[in-house]
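Q: Pasting the sequence and the predicted model now:
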Amino acid sequence: MGLRGTLYAELNDAGQLRYVREASEPILKPGQATEVLLKAATANMEKPVKTPTFKQATPKSASGVARYLWEVAYPGGASPSEALRLFSKDIVYEDFNYEAPFVGIPAVTEFVNAFDIPGIDFVPLKISEGDRACAFTWKVLINGQDGPQGLSFYEVDADGKVCFIRDIPAPSPRGFRPLGALAASVDPVLHVFTPATLTRAALGIASAAMGLLKPAFAAEAKWQAQTLGGKEAQAEALKQLDESIASAPVVVYTYTLSPFSTEALALLDATGCEYKTVELGLEWFLLDGVGSSIRALLLERYGMSSLPHIFIGGESVGGLYSGNAAGAPGLVELKRRGELTGMLQAAGAL
């Protein structure tokens, strides 16, 4: 393993090289855009429920951990928590799609859970032997079709816990379009992206970008409410908000001109559920005093000033892609996890 790359090599019985695979740091690092695109492409695909069939083990060597996770646990229905159990608390995880490594269990947990996406399977190809460190090659299956390949490196500490990981994706095979295959996994006719699929992908990326401006939008929401809404507007906003949330099994606060709001309603329509929409205005900059005050209340209570804002059974579940301050992940993520239908049924919306 080098500073910015990794090499996997095999020798034959005569000590001669018989196989070499190299991977190096890419110039272009899409980072979170990769995650957003994959989730957008699979937004309407529920994660299948798997009954674990593997026998739990706790290997202590690097190659033992790699073989156990990728040849036994994951094929046997394990969730990412099984891998996290074998990681050290101070683990450093380098994924060369990202500018900076993920350090510590909390950051690594968030990262590996984000890529637990239906329609995507990682398959090991060659795994080297090694007690303290090993390398292995892999490929990605997307909707059962061969996709990108790559190279990973595992290192364990003195206690046999994985303390360092490096993943380096290789370029996609010529002519292969990973996201096109993902779209096809959602709907067999989507061998290429349709306008609707491209819209979801674009909105997902836009949502990630707007998340960086969240502090500015929060400050603006408070200022707007203070400027446009007096005590009477604030009192009316409080009354309307409480009454609206309790008025239907599913309540969606929207802006008339917001593409995020339109996409959220389309996702709910696809479930066949009943819902009520509450339009605060055409857009955030065109709100009146009451609308501005409701937006500020949503920020105060749930940590979100953006719309759409969805309530299921009287509880906030976040927006389309964005989550709220309590940890609710948003509509797309609930759909991806396979939790949305159950929530709608429990609320009486289905």
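A: Perfect, thanks for sending it. Numbers count the residues shown, from 1 in each chain.
Q: from here on, contacts and neighbour counts on C-alpha atoms
A: Fine.
Q: Can you tell me how far Pro118 is from Arg4?
A: As judged by CA to CA, to the nearest Å, Pro118 and Arg4 stand 30 Å apart.
Q: Oops, could you answer that again for Val251 instead?
A: Distance from Val251 to Arg4, by CA to CA: 49 Å.
Q: More neighbours: which of those two?
A: Per other CA atoms under 10 Å, whichever of Val251 and Arg4 has more neighbours is Val251, with 23 against 12.
Q: I'd guess the more buried one is in a helix, am I close?
A: No - read with DSSP: H, G, I helix; E, B strand; the rest coil, Val251 is strand and lies in no helix.
Q: for it, what are its contacts?
A: Listed by CA atoms under 8 Å, 6 or more residues apart in numbering, the contact set of Val251 reads 244-245, 275-278, 310-312.
Q: Val317 - how many residues pack around it?
A: Residues near Val317, counting by other CA under 10 Å: 24.
Q: Could you do Ser81 as well?
A: Neighbour tally, Ser81, other CA under 10 Å: 12.
Q: Surely it is within a strand?
A: No - counting by three-state DSSP, Ser81 falls outside a strand, being helix.
Q: So which elements touch the strand ranked longest in the chain?
A: The single longest strand within the chain, with elements called by DSSP state E, is strand 145-156. Using 3 or more CA pairs under 8 Å, 6 or more residues apart in numbering; DSSP states H and E, the elements in contact with strand 145-156 are strand 5-11, strand 17-24, helix 62-67, strand 133-142, strand 162-169, helix 178-186.
Q: let's see 7 Å
A: Other helices and strands packing on strand 145-156, by 3 or more CA pairs under 7 Å, 6 or more residues apart in numbering; DSSP states H and E, are helix 62-67, strand 133-142, strand 162-169.
Q: In this structure, mark out all the strands, start to finish.
A: 5-11, 17-24, 87-95, 102-103, 120-127, 133-142, 145-156, 162-169, 250-255, 276-281, 309-312, 315-318.
Q: To Lys222, which of those lies closest?
A: Closest approach to Lys222 among the strands of the chain is made by strand 276-281 (15.7 Å; CA to CA).
Q: Show me what that closest one pairs with in its sheet, parallel or antiparallel.
A: Strand 276-281 sits in its sheet next to strand 250-255 (parallel), going by DSSP bridges.
Q: which of the residues in the strand it pairs with are buried?
A: 250-255 (16 or more other CA atoms under 10 Å).
Q: Let me have these in a markdown table, extended by distance to Ala347.
A: Below are the buried residues of strand 250-255 laid out as a markdown table (distance: CA to CA, whole Å):
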| residue | distance to Ala347 |
| --- | --- |
| Val250 | 8 |
| Val251 | 11 |
| Val252 | 14 |
| Tyr253 | 17 |
| Thr254 | 20 |
| Tyr255 | 24 |
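Q: what's the most distant pair in those?
A: Largest separation among the buried residues of strand 250-255 by CA to CA: Val250 and Tyr255, giving 16.5 Å.
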